[in-house]
Each structure stands twice: as C-alpha cells, then as structure tokens.
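> what follows is a predicted protein model with its sequence.
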Amino acid sequence: METIGVFTSGGDAPGMNAALRAVVRTAIYHNKKVIGIRRGFEGMIDGDMNELTSHSVSNIIQRGGTVLKTARSKRFLTEEGMNTAFENLKKHGIDGLVALGGDGTFRGAFEFRMRHNISTVGVPCTIDNDLYGTDFTIGYDTAINTAMEAIDKIRDTADSHNRLFFVEVMGRDAGFIALRSGIGGGAEAILVPETETNISHLISILEKGWKRNKSSSIVVVAEGEEAGGAYDVARQVKEHFDFYDTRVSILGHMQRGGNPTCMDRVLASRLGVAAVEALLDGKENVMVGVIHRDIEYTPFEKATKHNLDINMNLLRIAEILST
Ligand code: F6P
C-alpha cells in the first residue's frame, strides 16, 4: 500500500481534526502518501481530494469540527455513486482508506468493500458514543462536558427562579450523553431511550424534591427518549404536577462544537496512529477502538449492529444521588 485516502463523514465530532492529524503524520512517518478527501463520500464522488503534508495538519489538534468538512451522502448509497467514487480513488492512486466517522460511515464503507477492491479501516468519531468495539468514541468526552456546563448554567437560573427544567441533550437513539452529563450536572432525573420512561415515577421523584424544599429541579432527557422529547415529557409531567414553574431547554448542536478535551485529543491521536498501522498490516473492514486501555479491532458489521449497553449501574447511581 503506497497511498492512503482519509476522509471525515457523518456528523462532525470534536477530536476529528486531532485524528486526521494523527492519520496524516503516521502515514508520512511510514513513507506513504496521504490524500485528504473533502466532504466525506460526497467528495469521493466529486473527486474533491488532494495530497496532504505534515504541514497541512499543523495547528488543528485543538480545533473542533473538521477541516476536511463532512457530509451525510445520499448519492453514495447508489451503485452509480459508489462506482464513480471508486474511479476517482483509482485516478489518485489510493489503495487504502481511513474513515473518520460513526455508524453510517462504517456501513457505507462496508457496502463499498462488497462492490470494490478497496480496504478501509475506521476511526470512531461521534459524540453519541453509540459504537460497539470501543469504550469511548472520539467527541463524546467533549460533548458531555459541554452538556454538563450548559446544565450548570441552567441550574443557576433554575435555582434563582425556583423552576423545573427539562433539558434535552443529543444522542440520536442512545442515552450515553444524557447519562454522564446528567450525573455530572447533578440532575434530579435522567431519561434515556434504553429504559422505559415511567412518568408517575418521575413525578414521585420531583414531588419528593418539592417536599424537601428543593429550589430547582433538572430532568435531563435524551433526544431519542421513547416518551417523546423534552417538550412532550414536560407536558405529561405538568398535567399531574405543576408546583414548579417549568421551562424546556434543547441544547442542540452546540454539543457538537468546541475545542476537544484532552481525553478526546489523546484518544484521537492513539486511534489515528492505530488505524494507519492496521491498514499497513493488511487489516480491512474493521474499526479501531480502545477497550480497557488496549487497542482492539472490531469488524464494521459488529461495530454498527451490536448495541452497546448503557451502564445500568450509572443510572442507579444517578437515582440514589438525586434523592
Ligand atoms: O450523530 C451525532 C448527532 O449529533 C446526533 O446526536 C443527532 O441526533 C444527529 O447527529 C443530528 O444530525 P444533524 O446534524 O444531521 O441534524
């Protein structure tokens, strides 16, 4: 393998740039050429790519977003899109790919390999932490810190007004962001898609707080929570419990931005190096991850299809500590 293509795809995640830097510099260290493909699979189809040098990735380790830009490509899901992408890769002499993204990216890479002879190794980059085969994904640590800081700020105003807040955090259909930011922010309750929401139980928790003269309450709601988003849950609670003045706050895309934390930068650096070395070792269709401190390789089908279980003990801790 002489030329490696690298791209970022799907939702951006803080730490993607740090991972890109690691991929580029590791490839160069091993005397390989690196081509940066812009806008993920979209750029592959449009031939939007050029060579990267060590200098191209200077001064990006600390920046959020992705300097290569990203996209969620519909065209790549078609036969025609994949054929054009493959022709463009061959034109640039690319014989291996490093994909920085989440499950949509790895599903795309898997389908691509079924049709064309090109190896891909994936680096898990998503704030959602919803991939099997790594303890943490790149971007998750930054996102939970951003969400927690937002919760802290909301607590200040909630407390001043004696209000009940429902704070909705991201995570698509996973509750990882809600769980950790909720515990870190001292939330009175945390609602996640992985468990059934019991509105009466939630009300009883809030009532207990009210009786103890709690001056504020915060319920963290994961966006994929099955009783509905924060607005729906707030409405259902208010029907039976309206002691507090209630507000809803949707944190939204602010959770995807910002400078990556040190944890994310280090994880991205480790996984970027591991991905290039895996590719050079002849591995393909695998995602690199860190499990219990060691680098592990998980086939794309497993990384994307096996649901990572939420830590039920953390949920229990959250409930104990909110009483
Ligand atoms: O996968 C990351 C994520 O931020 C999810 O938490 C969220 O559901 C989704 O992306 C939002 O995607 P978009 O930016 O395309 O609206």
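Here it is on my side, so go on.

> show me what from the stretch 201-323 of the chain comes close to the ligand.
Residues of the stretch 201-323 of the chain lying near the ligand by Cβ under 6 Å from any ligand atom: Glu223, Arg256. C-beta: built from backbone N, CA, C; applies to glycine.

> tell me which residue in the stretch 201-323 of the chain sits closest to the ligand.
Nearest residue of the stretch 201-323 of the chain to the ligand: Arg256, at 5.3 Å (Cβ to the nearest ligand atom).

> what segments of the chain are helices?
16-29, 40-46, 79-91, 103-115, 140-161, 176-184, 199-211, 230-240, 262-280, 300-305, 312-322 (DSSP state H).

> adding mean neighbour count and mean pLDDT, write these out as a markdown table.
Formatted as a markdown table, these follow (neighbours: other Cβ atoms under 10 Å; pLDDT from 0 to 100):
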| stretch | mean neighbour count | mean pLDDT |
| --- | --- | --- |
| helix 16-29 | 25 | 98 |
| helix 40-46 | 24 | 98 |
| helix 79-91 | 16 | 98 |
| helix 103-115 | 20 | 96 |
| helix 140-161 | 20 | 98 |
| helix 176-184 | 26 | 98 |
| helix 199-211 | 15 | 95 |
| helix 230-240 | 16 | 96 |
| helix 262-280 | 23 | 98 |
| helix 300-305 | 18 | 92 |
| helix 312-322 | 14 | 94 |
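
> Tyr132: which of the ones you listed is closest?
helix 300-305 (5.3 Å; Cβ to Cβ).

> helices or strands next to that closest one in the packing?
helix 103-115, strand 119-124, strand 286-291 (3 or more Cβ pairs under 8 Å, 6 or more residues apart in numbering; DSSP states H and E).

> chain center to it, what's the gap?
Taking the mean of its C-alpha atoms, helix 300-305 sits 15 Å from the chain's own mean (Cα atoms, centre = their mean, to the nearest Å).

> ok, and what's touching that helix?
103, 106-107, 109-110, 122, 124, 131-133, 285-287, 289 (Cβ atoms under 8 Å, 6 or more residues apart in numbering).

> distance of the residue lying farthest from the centre of the chain relative to His240?
Centroid-distance maximum for the chain: Lys211 at 38.3 Å, with Cα atoms, centre = their mean. Using Cβ to Cβ, to the nearest Å, Lys211 is found at 15 Å from His240.

> so who does Asn311 touch?
Leu179.

> hmm, try it at 10 Å
Phe176, Leu179, Arg180, Glu194, Ile317 (Cβ atoms under 10 Å, 6 or more residues apart in numbering).
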